[in-house]
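Colleague: I'll drop the sequence and a predicted model, then ask my questions.
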Amino acid sequence: MTTILIMFAGVLAGATVFPRGLKKWNGWLQLGMTGLLIFTMGVSLGSRPGFLEELGAIGLKSLIFAVLPILASVALVYPVSRRFLERPDEKEGGED
Amino acid sequence: MVWIALGCLLAGVLCGLFFFPPEVTAFFTGNSERFLWALMFLVGISVGLSKGVFARVKGYGLRVLLLPLSITAASAAAGLLCAPLTGMGPGESMAIASGMGWYSLTGILLTDLAGAEVGAIAFLGNLLRETISFLIIPWIAAHLNHYTAIAPAGATSEDTTLAVLIRCTREEIVVLAVFNGVLCSAVVPVLVRFFYGVL
């Protein structure tokens, strides 16, 4: 909930006081924070006691529980979004 | 983006495993929520700078429910497929897959309900879902469509993976991702208990 509230505060700041000319800097800062967040996730994974042993013991089962739900979600959402959500004017197949 | 994500993740794992003393590790893990808050504020600014984004999202009407419904149904169904592959029961499998990336809650819930091993698999499986999502969202956004980029993220699309979604999609999709994440997160504890208890 706190995360959503903080994001909402950002939306308000962006819509009212944040200078439009700094949009690009905001993008770079986001990239830096994203990298920091993923790095932190890696640190917390790597520092788990017995991480390597745990990975060896239950790693394959856990991987199956990660990969199949991802594949199934993508396989269902793609046709559903093509049929019901995409607008004719949307440019697809490229990053904005 | 995918190389940045992969590089940061690998560097983090190696530092956590071999290089960082406990106090440095504690600094990163103890402040991860603050990093996320800072990022969410910046993402919010991007959304706020984008004119008319909420009007466009409003235009979807009830169709916005299609994303969380599809992701939840697909995740649970995939759990059923996981059962014969992992040798676990269908109820346990569907409960684990219904975590949709929310590893802390799913791990704790299933440790209480089913014991330490199932809890550990639930924790690691959902943690891997979040980690893999970081890596494949850029590819999905570029080669399928922006809506589908939300699919792997599941319940995490309202916070951690939102960081990658904002880089690879557009502001309108970010608002849809937050909505999807809130709804998926709301049903995770219900579905985990339901599937484990019923099947």
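Modeller: Cool, got the structure.
Colleague: From here on, just use CA atoms for contacts and neighbour counts.
Modeller: Will do.
Colleague: Run a quick neighbour tally on B:Leu85.
Modeller: 12 (other C-alpha atoms under 10 Å in any protein chain shown).
Colleague: which residue is nearest the middle of chain A?
Modeller: Taking C-alpha atoms, centre = their mean, the centroid of chain A lies closest to A:Thr34, which sits 8.9 Å from it.
Colleague: quick one, what contacts that one?
Modeller: Shown in contact with A:Thr34 (C-alpha atoms under 8 Å, 6 or more residues apart in numbering or on different chains): B:Leu39, B:Ala163, B:Val164.
Colleague: what ranges do the helices span in chain B?
Modeller: Assigned by DSSP state H, chain B shows helices spanning B:2-14, B:22-49, B:53-58, B:66-86, B:90-97, B:103-114, B:116-143, B:162-168, B:171-198.
Colleague: how far off helix B:22-49 does the first one point, in degrees?
Modeller: In this case it means helix B:2-14. 150 degrees (axes from the mean of the first three to the mean of the last three C-alpha atoms, to 10 degrees).
Colleague: Any chance of TSV for the helices of chain B, columns mean pLDDT and distance to A:Pro49?
Modeller: As requested, these are exported to TSV (pLDDT from 0 to 100; distance: least, C-alpha to C-alpha, whole Å):
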stretch	mean pLDDT	distance to A:Pro49
helix B:2-14	82	13
helix B:22-49	88	12
helix B:53-58	78	44
helix B:66-86	97	24
helix B:90-97	96	22
helix B:103-114	87	16
helix B:116-143	91	13
helix B:162-168	88	28
helix B:171-198	91	26
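Colleague: Need the winner for burial among those helices.
Modeller: Mean neighbours per residue, mean count of other C-alpha atoms under 10 Å in any protein chain shown, is largest over the helices of chain B for helix B:90-97, with a mean of 28.
Colleague: For residue 50, grab phi and psi.
Modeller: All of this is about chain A. phi 70, psi 30 (degrees, to the nearest 10).
Colleague: meant chain B, my bad for not saying
Modeller: Torsion angles, degrees, to the nearest 10, at B:Ser50: phi -80, psi 110.
Colleague: That one - how many residues pack around it?
Modeller: For B:Ser50, using other C-alpha under 10 Å, the count is 17.
Colleague: quick one: contacts for it?
Modeller: A:Ala15, B:Glu171.
Colleague: redo that, cut-off 7 Å
Modeller: By C-alpha atoms under 7 Å, 6 or more residues apart in numbering or on different chains, the contact list for B:Ser50 reads B:Glu171.
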